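S.K.: Provided below are the primary sequence and the corresponding predicted coordinates.
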Amino acid sequence: MSKVMDLIADEVIDYCANEICGKEIYFGQPVTKIGHELVCSGKCLVEKIGAVTIIAGNSKPQKLSLTTWNF
């Protein structure tokens, strides 16, 4: 029988590759793969690759929140 078939849903198979997070990743959980590493969320993906948010035309990185934008 395949090793994958032997895993149960609550079994930890890895940990988030974002050093700030490090949360457990469980069998069957949707994740993002970066090379051979797994990250548990979009936020962790952005942090792991070092992406920053800027205002177009302004090269200075800024921390933006949803309250910054007028929806």
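M.R.: Thanks, I have it.
S.K.: C-alpha only now, for contacts and for neighbours.
M.R.: Will do.
S.K.: sec struct for residue 33, please.
M.R.: State at residue 33, reduced to three classes by DSSP: H, G, I helix; E, B strand; the rest coil: strand.
S.K.: now it: how far from residue 39?
M.R.: 6 Å (Cα to Cα, to the nearest Å).
S.K.: just give me the longest helix of the chain.
M.R.: helix 42-49 (DSSP state H).
S.K.: show me which positions of that helix end up buried.
M.R.: Within helix 42-49, the residues that qualify as buried are 44, 45, 47, 48, counting by 16 or more other Cα atoms under 10 Å.
S.K.: would you turn the residues you listed into a markdown table with pLDDT and distance to residue 25?
M.R.: As requested, the buried residues of helix 42-49 are exported to a markdown table (pLDDT from 0 to 100; distance: Cα to Cα, whole Å):
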| residue | pLDDT | distance to residue 25 |
| --- | --- | --- |
| 44 | 95 | 13 |
| 45 | 95 | 14 |
| 47 | 92 | 17 |
| 48 | 94 | 16 |
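S.K.: just to revisit the earlier point, any residues touching the longest helix of the chain, and which ones?
M.R.: 16, 17, 18, 19, 21, 32, 39, 52 (Cα atoms under 8 Å, 6 or more residues apart in numbering).
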